[in-house]
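In: no sequence for this one, just the structure:
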């Protein structure tokens, strides 16, 4: 059974940084691409970033490109999202998701429970 557990959310001031983590279990982590997705208050899901299974290819949504960086440690079975220059508009519940392929599958077959990021003075 795929299990994904996010951590690292919290309250941060505008312009600040946070690093989210996603601990994976129940599947061969190094075989699959991984994504971050968020849901802002009152809105639908927004895909943010993808990293391939080997960690050497990434892709980002325009809304976070240049501010957010995704990475992974396959030995630790952990996915990361470094978020810099946070804005109030980044306030959301952040989810990690398991891609269906090693890269570019555009579909997910596993989700974490989410971690809340609040951006406020």
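Out: The structure has been received and is ready for your questions. These figures come from a predicted structure and were not determined experimentally.

In: Could you pull out the strands in the chain for me?
Out: 3-7, 10-12, 18-25, 34-39, 45-51, 58-60, 68-73, 78-83, 92-99, 108-111, 115-119 (DSSP state E).

In: List the buried residues in the first one.
Out: The neighbour-count check on strand 3-7 (16 or more other CB atoms under 10 Å) flags 4, 6 as buried. Yep, even glycine has a C-beta here, placed from its N, CA and C like the rest.

In: again, but for the fifth one
Out: Of the residues in strand 45-51, 47, 48, 49, 50, 51 count as buried by neighbour count, 16+ other CB under 10 Å.

In: In TSV: the strands of the chain, plus mean pLDDT.
Out: As requested, these are exported to TSV (pLDDT from 0 to 100):
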stretch	mean pLDDT
strand 3-7	98
strand 10-12	97
strand 18-25	98
strand 34-39	98
strand 45-51	97
strand 58-60	97
strand 68-73	98
strand 78-83	98
strand 92-99	97
strand 108-111	95
strand 115-119	98
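
In: wait, what's in contact with the nearest residue to residue 5 once chain neighbours are set aside?
Out: Counting by CB to CB, 6 or more residues apart in numbering, residue 23 is the residue found nearest to residue 5 once chain neighbours are left out, at 4.8 Å. Each residue near residue 23 by CB atoms under 8 Å, 6 or more residues apart in numbering is listed here: 4, 5, 7, 77, 78.

In: distance of the residue positioned nearest the centre of the chain from residue 66?
Out: By CA atoms, centre = their mean, the chain has its centre lying nearest to residue 36, at 2.7 Å. As judged by CB to CB, to the nearest Å, residue 36 and residue 66 stand 15 Å apart.

In: Neighbours of residue 77, how many?
Out: Close neighbours of residue 77, defined as other CB atoms under 10 Å, add up to 16.
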